[in-house]
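Asker: I would like the atomic coordinates for the input below:
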Amino acid sequence: MNIQRLKIFNGKILTPYRMIPQGTVLITDGIITEVKEGDIEVSDAIEINANGNYISPGFIDIHVHGGGGHDFMDGSETAFLKAAETHARYGTTAMSPTTLTSEKKDLLHTLELYDKANKKNINGSQFLGMHLEGPYFAMNQRGAQDPRYIRDPDPEEYMDVIASSNSIKRWSAAPELKGAIPFARYLISKGILPALAHTDAIYEEVLEGFENGYTLATHLYSGMSGVSRRNAFRYAGAIESAFLIDEMDVEIIADGIHLPAPLLKLIYKIKGPDRIALITDAIRGASMPEGESIIGNLNTGLKVIIEDGVAKLPDRTCFAGSVATTDRLVRNMINMADVPLLEAVRMMSSTPARIMNVVDKKGSLVKGKDADIVIFDKDINVQTTIIKGRVVYEL
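Answerer: The predicted model follows:
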C-alpha cells in the first residue's frame with residue numbers, strides 16, 4: 001500500500017489561538033501529522049510552497065443551499081456535486097447541504113439523492129450531513145420560504161422523514177409552534193441538532209426552546225422576531241433572546257448586506273468568536289452573474305432577482321438568500337467588523353465544527369485531524385483548497 005505524504009511549507013500557519021509566522025504542515029494519507037515552525041525536511045512528500053501566504057484550516061459552511069447554478073433541491077445528484085465543487089474553489093472544505101420548505105416527497109427525494117451524491121463527492125466540499133430548514137415555521141417570518149408548505153410539526157411526518165435517512169444532522173424550526181418542543185426532544189433523541197429559525201417567539205418561548213434543545217439560532221436577525229408590543233407591553237424577541245442566553249450559538253450571514261457593519265460588530269461584541277458560525281446561506285446564484293434566478297427547485301422554486309450582491313424577491317421587499325462564498329465572509333468580518341484574522345477564521349472553522357459535533361476531526365490545524373486546508377493571501381483570495389490531503393483546487 002502506497003503512503004501518500006504532502007508537505008505544505010513557507011506559509012503563515014493559523015492554529016486555533018496563534019499564528020506561526022513561518023511554518024510547515026505535514027500530511028500522511030489525508031491526516032495532519034505535524035504542524036511546526038520552520039521548514040521540515042521530508043524526502044518522500046509532494047511539496048506545496050505557500051509562498052508566504054496563510055495556511056488556514058478549511059472553511060466549514062453549516063448552512064448553504066447551493067451555488068454555481070445548482071440547488072440541493074433540484075432533484076439531481078449533479079446539483080449536489082457541482083455546488084460542492086463551486087464552493088471548494090472559495091475555501092469551503094466541508095458543508096451542510098440545506099433544504100427549503102417543501103412537500104414531504106421532495107424532502108425524501110432530496111435525502112435519497114444526498115446519500116448517492118455523498119459517495120461520489122471527491123472533488124467538492126465534503127458533506128457533513130443534511131440541514132433541513134423548515135417546513136415548521138411561523139408564517140409571519142417566512143421570508144423567502146414558500147408559504148404553501150409551511151405548517152406545524154407533525155409527529156407522523158417528521159418521524160417518517162427521520163426514519164428514512166441517517167443523514168439528517170440538523171433541523172431548523174420555530175420553537176413557539178404547537179408541537180415544537182416534543183419535536184426538538186425527538187430530534188435530540190436521534191442525535192439531530194434542533195435550531196430555531198423563521199420564528200416569532202418571545203424570550204420566554206425561546207428560553208423553553210433552548211432548554212429543550214434549540215441551542216443554535218439560524219441566521220441571526222433574518223426571519224426572526226425582535227422587540228414587539230402586545231397590548232402596550234414590550235416583549236423581547238428571538239434576537240434579544242439569542243444575546244441574553246450566553247450559551248446559545250448563533251450563525252450569521254456575513255455577506256455585508258443581510259447584516260450591515262454595525263450589526264456585525266454588535267453580534268461579535270456580545271457573542272464572541274466561540275459562539276458565532278459564519279454561514280453563506282448561499283443559493284444557486286453564488287459565483288454566478290447577476291440577474292434572474294430561482295431559489296429552490298429549478299422547476300417549482302421561487303423566482304428571485306440577484307442584484308447588489310444579494311438575492312431579492314422580484315418585488316424587492318425582502319432578501320431571498322445570499323450569493324456569498326466563505327472567503328467573502330472572512331474578508332467582511334475583518335474589513336467591516338474589525339475582527340482579527342485568527343478570530344474571523346475561527347468563526348469559519350473551529351466554531352462551526354464544534355456546533356456540528358465534528359470538532360474531533362475538523363476545524364483546526366492540529367495533529368491527528370483531517371487535512372482540510374485552505375491557502376489564501378492577505379486579502380483572503382483563495383490560492384489552494386485541500387480536502388483530506390487532496391488538492392481539489394489550485395488558482
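
Asker: export the top helix by length along the chain as PDB, just CAs?
Answerer: When secondary structure is assigned using DSSP state H, the longest helix within the chain turns out to be helix 104-120. What follows is the C-alpha trace of helix 104-120 in PDB, where atoms were taken according to Å, rounded to 0.1, in the frame of the first residue of the first chain:
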ATOM      1  CA  LYS A 104     -42.600  15.800   2.100                       C
ATOM      2  CA  LYS A 105     -42.000  13.700  -1.100                       C
ATOM      3  CA  ASP A 106     -39.500  16.300  -2.300                       C
ATOM      4  CA  LEU A 107     -37.700  16.200   1.100                       C
ATOM      5  CA  LEU A 108     -37.500  12.400   1.000                       C
ATOM      6  CA  HIS A 109     -36.100  12.500  -2.600                       C
ATOM      7  CA  THR A 110     -33.500  15.100  -1.600                       C
ATOM      8  CA  LEU A 111     -32.300  12.900   1.300                       C
ATOM      9  CA  GLU A 112     -32.100   9.900  -1.000                       C
ATOM     10  CA  LEU A 113     -30.000  11.900  -3.500                       C
ATOM     11  CA  TYR A 114     -27.700  13.200  -0.800                       C
ATOM     12  CA  ASP A 115     -26.800   9.600   0.100                       C
ATOM     13  CA  LYS A 116     -26.000   8.800  -3.500                       C
ATOM     14  CA  ALA A 117     -24.100  12.000  -4.200                       C
ATOM     15  CA  ASN A 118     -22.100  11.700  -0.900                       C
ATOM     16  CA  LYS A 119     -20.500   8.500  -2.100                       C
ATOM     17  CA  LYS A 120     -19.300  10.300  -5.400                       C
END
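
Asker: State the paired neighbours of the very next helix or strand once past it in the sheet, together with their directions.
Answerer: Once the chain leaves helix 104-120, the next helix or strand it forms, by DSSP states H and E, is strand 126-127. Each strand pairing with strand 126-127, determined using DSSP bridges, is listed with its direction: strand 92-97 (parallel).

Asker: What is the longest helix of the chain packed up against?
Answerer: Here helix 104-120 touches helix 77-88, strand 126-127, strand 130-133, helix 155-164, going by 3 or more C-beta pairs under 8 Å, 6 or more residues apart in numbering; DSSP states H and E. In this view, the C-beta of every residue, glycine as well, is placed from N, C-alpha and C.

Asker: give me that answer again for 6 Å
Answerer: For helix 104-120, the contact count by 3 or more C-beta pairs under 6 Å, 6 or more residues apart in numbering; DSSP states H and E identifies helix 77-88 as packing neighbours.

Asker: Thanks a lot, see you next time.
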